[in-house]
Every structure is written in C-alpha cells, then in structure tokens.
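Chemist: could you look at this predicted model? Sequence included:
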Amino acid sequence: QEQLVESGGGLVQAGGSLRLSCAASGRAFNGNAMGWFRQAPGKEREFVASISWSGASTLFADSVKGRFTISRENAKNTVYLQMNSLKPEDTAVYYCAARNGAIPSQYDYRYDYWGRGTQVTVSP
C-alpha cells in the first residue's frame, strides 16, 4: 500500500514559519507531481501548492503566493512546504498528495494518493 506521511506541523504565532515534510513510498513518489492541500474546520479542502516531478514547475494558491514555497528531494522521496509569514487563517490540517502524472495540478480529484494530514495552528 502506498504511503504518504506528513510531519512538521504544530503551533506557531502569527508571522512565524513552519516547514512541512511529506515522505512518500517509491511508487507514490517516483515520476509523480506532488501537492499540498489543507482543510480548516467547517470548510472544504482547498489547494495550497503543487510541484512537478522535475521540480521545475510549481503552482500556488493566491492566498499563499509569496509566503509559501514548495520543493522536493527526489533522492529522499520527500516533498516540503515552507510556510513563512503565517497568518491565523492558515490554520488547518495540511495534507500531502501525489498524482500519477508529472505535471502539477490544483485539482484534488487528480491526485491518487493522500496522507493523513498534519495540524498547523497559527495563533494571533
């Protein structure tokens, strides 16, 4: 069974930073674009960022552009989400996802593998 395991979540004050990591099994990771999504209480899951297999192409939600970056280390089967200038509205469970395709996507239905999520809480 393919696995994605997120880590790095926690509690941080507004303006602070966190780096999320997602370790993936080889089949879920190799050759695939990766993405991060989040879901806040009472809200639908939303796209955050995505990166192509090569790392050359990235997509970001407007709400995080200029504050978040996404990167990957293919040799380690790991993708990262660096979150800076965090705001209380960034509070959510953050999910890592992988899709069977090299091109990044903002649409959750295009992703085939999902992690269980990691909680990020930003206090005012």
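Modeler: Received it, and whenever you're ready, just let me know what you need. Numbers count the residues shown, from 1 in each chain.

Chemist: just the CA atoms of the host helix or strand of Phe37, as PDB, please.
Modeler: Assessed by DSSP states H and E, Phe37 sits inside strand 33-39. Extracted in PDB, the C-alpha atoms of strand 33-39 (Å, rounded to 0.1, in the frame of the first residue of the first chain):
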ATOM      1  CA  ALA A  33       3.800  15.500  -9.300                       C
ATOM      2  CA  MET A  34       3.100  16.300  -5.600                       C
ATOM      3  CA  GLY A  35       0.700  18.600  -3.900                       C
ATOM      4  CA  TRP A  36      -0.300  20.100  -0.600                       C
ATOM      5  CA  PHE A  37      -3.900  20.800   0.300                       C
ATOM      6  CA  ARG A  38      -5.500  22.000   3.500                       C
ATOM      7  CA  GLN A  39      -8.800  21.800   5.300                       C
END
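
Chemist: centre of the chain to the following helix or strand past it, how far?
Modeler: Next along the chain after strand 33-39, taking DSSP H and E as the criterion, comes strand 46-51. Offset of strand 46-51 from its chain centre (Cα atoms, centre = their mean, to the nearest Å): 6 Å.

Chemist: just stretch 111-124 next, same as before
Modeler: 7 Å.

Chemist: in its sheet, which strands sit next to the strand holding Phe37, and in what direction?
Modeler: Within its sheet, strand 33-39 is paired with strand 46-51 (antiparallel), strand 92-99 (antiparallel), according to DSSP bridges.

Chemist: want to try JSON lines for those, with distance to Ala33, mean neighbour count and mean pLDDT as columns?
Modeler: Using the backbone N, CA and C atoms, a C-beta is placed for each residue, glycine as well. What follows is the strands paired with strand 33-39, written out as JSON lines (distance: least, Cβ to Cβ, whole Å; neighbours: other Cβ atoms under 10 Å; pLDDT from 0 to 100):
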{"stretch": "strand 46-51", "distance to Ala33": "6", "mean neighbour count": "22", "mean pLDDT": "98"}
{"stretch": "strand 92-99", "distance to Ala33": "5", "mean neighbour count": "24", "mean pLDDT": "97"}
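
Chemist: mind putting the ones you listed in a markdown table, distance to Gly66 included?
Modeler: Shown next, in a markdown table, are the strands paired with strand 33-39 (distance: least, Cβ to Cβ, whole Å):
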| stretch | distance to Gly66 |
| --- | --- |
| strand 46-51 | 12 |
| strand 92-99 | 18 |
